[in-house]
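*Asks:* quick check, what structure comes out for this input:
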Amino acid sequence: MVFQKVYLFEDTIENNIRLGKPDATDEEVIAAAKAASCHEFISKLPDGYKTVVSEGGGSLSGGEKQRISIARAILKDAPIVIMDEATSALDAENEKSIIEAIDRLTENKTVIMIAHRMKTVRNADKIVAIENGRIVQEGTHERLIAVDGLYRRFITNREKAGEWKIR
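*Replies:* As a prediction, this is how the structure comes out:
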């Protein structure tokens, strides 16, 4: 599971990634970090993978923590991945890296994704629109956008909001 709010333990970055597979080799941890686009920033830290992060991961940015969480999930290699708003609080710089890492994580997997960001949702094989706890629509982006309903209204409102300007 990859959460919106990542929690890291007060331990090394290496051990935080290794939670996905406790018996993983150093090479497997590094390969997962590279796939999650976090090897580069980890390598620049004073102690690299041996760098100890504070409780909750407060010494790292949100995007860095998210990539470590994705590395952990890549290392686990579970057949089902649950993503809960994993891209909702990202800045533009981290978003690209994290979306690429998510693509690698979810390749050939069953993914259940809870999301509001269209970059995350648009390519899903099946989108389920839920209103008041009930499924009101399901299908591909193309199919759902073609009919009046919750999904198309959501997309239309997101597009309108994207046009807002502060004057």
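*Asks:* got the confidence number for Thr87?
*Replies:* What the model reports as pLDDT for Thr87 is 66.
*Asks:* give the contact list for Glu138.
*Replies:* 126-129, 144 (C-beta atoms under 8 Å, 6 or more residues apart in numbering). To be clear about C-beta, it is placed using only N, CA and C from the backbone, and glycine gets the same treatment.
*Asks:* in JSON lines: those residues, plus neighbour count and distance to Arg72.
*Replies:* Conversion of the contacts of Glu138 to JSON lines gives the following (neighbours: other C-beta atoms under 10 Å; distance: C-beta to C-beta, whole Å):
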{"residue": "Lys126", "neighbour count": "10", "distance to Arg72": "26"}
{"residue": "Ile127", "neighbour count": "19", "distance to Arg72": "26"}
{"residue": "Val128", "neighbour count": "15", "distance to Arg72": "26"}
{"residue": "Ala129", "neighbour count": "17", "distance to Arg72": "30"}
{"residue": "Leu144", "neighbour count": "20", "distance to Arg72": "32"}
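*Asks:* any low-confidence regions in the chain?
*Replies:* 86-94, 119-120 (pLDDT under 70).
*Asks:* so which residues of it form strands?
*Replies:* Per DSSP state E, the chain carries strands over the ranges 80-84, 110-114, 127-131, 134-139.
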